[in-house]
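*Asks:* Return a 3D structure for these sequence lines:
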Amino acid sequence: MADRVADNGRGAAQIPSADSPTLAELLTLAVGVVVVAALYLGRDVLVPITLAVLLTFVLAPLVRALRWLRLGRVPAVIVAVIVALAVLSAIGAVIASQIASFAQDLPRYETTIRDKVEVVREQTLGRVTRLIAQLEHMRPDAAGEPAGAPTPAPQEQSGQKPAQNGGQNGGESARQSPLALAQQWVSPVLSPLATLGIVLVFATFILLQKEDLRDRFIRLFGSRDLHRTTVALNDAGRRLSKFFLTQLALNTGFGVLVTIGLWFIGLPSPVLWGIVAALCRFVPYVGAWISTLLPLAVAAAVDPGWTMFFWVLALFLATEPLLGQVVEPVAYGHSTGLSPVSVLIATVFWTWLWGPIGLVLATPLTLCLVVLGRHVERLEFLEVLLGDRPALTATETFYQRMLAADPDEVQDQAEILLKTRSLSAYYDEVALRGLALAAEDSSRGVLGPARIRAIADAVTELVEELDDYQDRAPAPAVEGASPVPVEPEGEDDAPPGRFAPPPEERTGAWACPSPVLCIAGATPLDEAATAMLMQLLGKHGLGARPLASDRLSRTHVAALNPDGIAFVCISLVDSTGHLARTRYLIRRLRRQLPGVPILVGLWPERDDSAEGESIRATMGADFYADSLTDAVNACVDAAAASASTRSDEAADRPQPDAERPVTPALSMAPAAPA
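*Replies:* Predicted coordinates for the structure are as follows:
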């Protein structure tokens with residue numbers, strides 16, 4: 001594929017044609033198809049194994065607790081499996097007894113159900129029938145026809161036919177052999193029991209051979225990088241075990257709340273509906289609401305009125321949002337690592353593959369894939385597609401929105417990021433790096449001058465919109481909590497909050513309202529960076545004035561008024577091809593502004609330190625900065641030094657002892673945020 005997008009004469013971008021897929025991409029696609037086919041065709045074997053693996057994550061903490069009590073590995077595993085079997089058997093027995101009890105009471109609810117159906121039919125179908133009859137009376141051609149002509153009664157033969165069919169079916173059932181009847185009624189019961197037995201056997205051997213299986217997995221897939229493989233396995237085990245245990249605890253708690261609430265309401269078999277609610281809640285998003293339908297139907301059948309129906313509805317409307325919106329975000333650490341869309345897609349996918357079991361296992365299986373994609377480079381696309389991490393970094397999002405000419409979204413992103421960091425940190429970590437991406441594309445010929453100018457103007461407007469923010473770490477949201485730390489860009493960077501002394505305390509040119517001269521480089525992107533620097537200087541108590549670099553050419557350098565200039569800052573976002581011009585600019589400034597310090601800002605911080613040192617060696621400036629924070633601190637330090645000099649001069653003047661003021665020492669520590 002061509003490595004650039006060329007601009008034609010009218011400024012329109014030509015998108016290069018896509019290359020044909022490589023052999024590696026085709027093999028990856030073939031492997032994906034084979035894996036999906038194997039999952040579908042081998043579901044009878046893979047489902048029990050998967051359930052066993054997931055059960056081991058639930059039983060592993062119990063095994064560790066038993067081992068901590070000085071119980072051997074084999075006894076600990078056997079005890080844990082027996083506990084799991086006892087719990088599952090108890091749940092099954094309770095469900096069976098509750099279903100049997102509810103089935104015995106069904107005939108008592110038949111009259112209530114029939115009466116309510118008749119009421120609904122009368123209120124809905126009856127009204128519709130009467131409305132149709134009225135419309136028929138109003139038709140002109142219906143004058144000679146009776147409006148309510150009765151429907152002919154069905155013939156007796158048609159009414160006898162079902163009885164004959166029923167008799168034939170009864171005869172066939174009577175003629176079935178005992179083996180066929182046993183297969184018909186026992187097979188649906190034995191199949192889940194067989195699956196449960198296979199799951200427990202697999203879980204027992206996995207718990208017994210846990211370390212050996214881990215070593216074999218490392219030998220097959222990660223022996224070349226033991227550190228990464230070990231970190232991946234530990235992360236997967238920790239995340240999955242925490243997720244399963246937390247989900248099991250929350251769903252169990254939900255079932256207990258539903259059971260207690262239904263018992264107080266008076267609904268029959270409340271334990272059954274609580275267990276159903278807990279099990280259905282393993283289905284993401286819609287499971288809890290699906291479990292609401294059965295209790296609502298029972299409430300409508302039991303109560304002659306509608307009071308119990310509305311109480312049951314109120315119970316689920318109160319418990320599910322409370323658990324889903326308040327308790328779960330705290331329990332899961334505000335995120336399970338999965339995006340909501342990926343959970344829905346995974347639910348449909350796993351349900352299609354494995355049926356109802358896949359519906360329940362969709363979230364944990366998808367979480368396994370996300371953890372796998374986080375640590376395996378070839379499978380990183382799984383985390384991008386299914387995980388909840390942003391697909392683009394903050395810098396890439398900033399630049400993409402600027403390319404899309406959507407400054408409103410850039411401002412929304414900035415306001416969100418400024419909740420957790422200072423203004424200077426946002427400019428250094430996001431905005432300047434986004435300008436660097438634009439400069440890189442410009443040097444490759446991807447962006448034309450018109451697009452660069454549009455991006456620079458949009459960034460300048462963004463800087464104006466953010467003028468209301470102060471350059472301080474944001475106040476904590478909770479009283480007593482510490483503010484969110486902002487990682488500095490370098491070892492010598494000071495946190496935001498340092499302010500220059502007021503003009504009346506400074507000497508010389510620093511006493512002027514705008515002592516700092518900010519000069520933009522050769523591109524519009526440098527002008528945008530200069531706007532950020534000037535705004536930050538103003539927020540730290542130093543006025544600044546802008547000046548375009550073309551005003552310092554040989555013909556205009558003599559017109560520069562040196563009065564009131566105490567410091568010069570030159571902004572360079574893209575130094576490629578502009579080093580010689582900047583070097584000559586510094587020489588002309590030396591002649592016009594003797595003794596004035598000159599700072600060159602090479603935004604943003606460069607990864608190649610050797611390249612940065614080479615550039616600095618040829619510049620000839622007094623200071624260099626690779627972040628706006630460094631540049632602001634350099635200007636503040638120079639202004640503070642000027643104030644210190646004035647204080648020393650005032651202290652050296654002879655004064656009467658009674659009138660001599662006490663001058664406190666100037667503190668160079670960062671000012672505490674308000």
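*Asks:* Can you show me the strands along the stretch 501-650 of the chain?
*Replies:* Assigned by DSSP state E, counting those that start in this stretch, the stretch 501-650 of the chain shows strands spanning 516-520, 544-547, 567-572, 598-602, 623-625.
*Asks:* Out of the ones you listed, which is closest to residue 339?
*Replies:* Across the strands of the stretch 501-650 of the chain, residue 339 has its closest neighbour in strand 598-602 (38.1 Å, CB to CB). All C-beta spots, glycine's among them, are computed from the backbone N, C-alpha and C.
*Asks:* now the strands of the stretch 501-650 of the chain as JSON lines including mean neighbour count?
*Replies:* Putting the strands of the stretch 501-650 of the chain into JSON lines (neighbours: other CB atoms under 10 Å) gives the following:
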{"stretch": "strand 516-520", "mean neighbour count": "25"}
{"stretch": "strand 544-547", "mean neighbour count": "17"}
{"stretch": "strand 567-572", "mean neighbour count": "26"}
{"stretch": "strand 598-602", "mean neighbour count": "23"}
{"stretch": "strand 623-625", "mean neighbour count": "20"}
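*Asks:* want to throw the ones you listed into CSV with distance to residue 437 and mean pLDDT?
*Replies:* CSV is the format used below for these (distance: least, CB to CB, whole Å; pLDDT from 0 to 100):
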stretch, distance to residue 437, mean pLDDT
strand 516-520, 19, 90
strand 544-547, 24, 88
strand 567-572, 16, 90
strand 598-602, 16, 88
strand 623-625, 20, 88
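*Asks:* Would you reformat the ones you listed as JSON lines and include distance to residue 229?
*Replies:* JSON lines is the format used below for the strands of the stretch 501-650 of the chain (distance: least, CB to CB, whole Å):
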{"stretch": "strand 516-520", "distance to residue 229": "50"}
{"stretch": "strand 544-547", "distance to residue 229": "53"}
{"stretch": "strand 567-572", "distance to residue 229": "44"}
{"stretch": "strand 598-602", "distance to residue 229": "40"}
{"stretch": "strand 623-625", "distance to residue 229": "42"}
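*Asks:* where does the stretch 451-600 of the chain dip in pLDDT?
*Replies:* Filtered on pLDDT under 70, the stretch 451-600 of the chain yields the residue ranges 474-498, 549-558, 575-577.
*Asks:* could you redo the last one with a cut-off of 50?
*Replies:* Residue ranges of the stretch 451-600 of the chain with pLDDT under 50: 477-495.
*Asks:* Break down it into its helices, ranges please.
*Replies:* Secondary structure of the stretch 451-600 of the chain (DSSP state H, counting those that start in this stretch): helices at 524-539, 579-592.
*Asks:* Which residue is the nearest non-sequential neighbour of the residue sitting nearest the centre point of the chain?
*Replies:* Compute the mean C-alpha point of the chain, and by CA atoms, centre = their mean the closest residue is residue 388, 3.6 Å away. Of all residues not flanking residue 388 in the chain, residue 339 sits nearest, at 4.6 Å (CB to CB, 6 or more residues apart in numbering).
*Asks:* Look up phi and psi at the one you found.
*Replies:* The phi/psi pair for residue 339 (degrees, to the nearest 10) reads phi -80, psi 150.
*Asks:* For it, give me its contacts.
*Replies:* With contact taken as CB atoms under 8 Å, 6 or more residues apart in numbering, residue 339 is in contact with 386-388.
*Asks:* got it, and residue 622?
*Replies:* By CB under 8 Å, 6+ apart, the contact list for residue 622 reads 597-599.
*Asks:* how much space between residue 402 and residue 455?
*Replies:* The spacing between residue 402 and residue 455, counted by CB to CB, to the nearest Å, is 5 Å.
*Asks:* Any figure for the gap between residue 67 and residue 441?
*Replies:* Applying CB to CB, the value for residue 67 to residue 441 is 58 Å.
*Asks:* In terms of neighbours, single out the busier of these two.
*Replies:* Each of residue 67 and residue 441 has its neighbours counted (other CB atoms under 10 Å); residue 441 has more, 18 against 14.
*Asks:* Residue 306: neighbour count?
*Replies:* For residue 306, the count of nearby residues is 12 (other CB under 10 Å).
*Asks:* Can you report phi and psi for it?
*Replies:* phi -120, psi 10.
*Asks:* which ones are touching residue 251?
*Replies:* Taking CB under 8 Å, 6+ apart, we find residue 251 in contact with 278-279, 281-282.
*Asks:* oh sorry, the question was meant for residue 434
*Replies:* Here residue 434 is in contact with 395, 398-399, 402, 459 (CB under 8 Å, 6+ apart).
*Asks:* List just the nearest of the contacts of residue 339 to residue 262.
*Replies:* Among the contacts of residue 339, residue 388 lies closest to residue 262 (CB to CB), at 34.6 Å.
*Asks:* What's the biggest helix in this structure, counting residues?
*Replies:* Across the chain, the longest stretch assigned as helix under DSSP state H is helix 73-121.
*Asks:* With respect to per-residue confidence, which of the contacts of residue 251 is lowest?
*Replies:* Looking at the contacts of residue 251 by pLDDT, the weakest one is residue 282, with 80.
*Asks:* related to what we said a few turns ago, what average pLDDT does the longest helix of the chain get?
*Replies:* What helix 73-121 shows for mean pLDDT is 80.
*Asks:* In terms of secondary structure, what does it contact?
*Replies:* Applying 3 or more CB pairs under 8 Å, 6 or more residues apart in numbering; DSSP states H and E, one finds that helix 73-121 contacts helix 43-68, helix 178-208, helix 270-280, helix 287-302.
*Asks:* re earlier: got CSV for the contacts of residue 251, with neighbour count and distance to residue 359 too?
*Replies:* Shown next, in CSV, are the contacts of residue 251 (neighbours: other CB atoms under 10 Å; distance: CB to CB, whole Å):
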residue, neighbour count, distance to residue 359
278, 24, 15
279, 16, 11
281, 24, 12
282, 17, 8
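*Asks:* In CSV, list those residues along with distance to residue 290.
*Replies:* Below are the contacts of residue 251 laid out as CSV (distance: CB to CB, whole Å):
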residue, distance to residue 290
278, 13
279, 10
281, 9
282, 11
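*Asks:* Farthest-apart pair in these, please.
*Replies:* Checking the contacts of residue 251 with CB to CB, the most distant pair is 278 and 282, at 8.0 Å.
*Asks:* about what we covered before: can you tell which of the helices of the stretch 451-600 of the chain is closest to residue 108?
*Replies:* When those are compared by CB to CB, helix 524-539 sits nearest residue 108, at 76.9 Å.
*Asks:* State the separation between that closest one and the centre of the chain it belongs to.
*Replies:* Averaging C-alpha positions (CA atoms, centre = their mean, to the nearest Å) puts helix 524-539 32 Å from its chain's average.
*Asks:* Could you do stretch 417-426 as well?
*Replies:* On CA atoms, centre = their mean, the centre of stretch 417-426 falls 19 Å from that of its chain.
*Asks:* quick one on the thing from earlier: just the buried ones from the contacts of residue 434?
*Replies:* 395, 398-399, 402, 459 (16 or more other CB atoms under 10 Å).
*Asks:* among those residues, which are in helices?
*Replies:* Mapping these onto helices (DSSP H) picks out 395, 398-399, 402, 459.
*Asks:* Surely residue 113 and residue 301 touch.
*Replies:* Yes. Contact criterion CB atoms under 8 Å: residue 113 and residue 301 qualify, at 4.9 Å.
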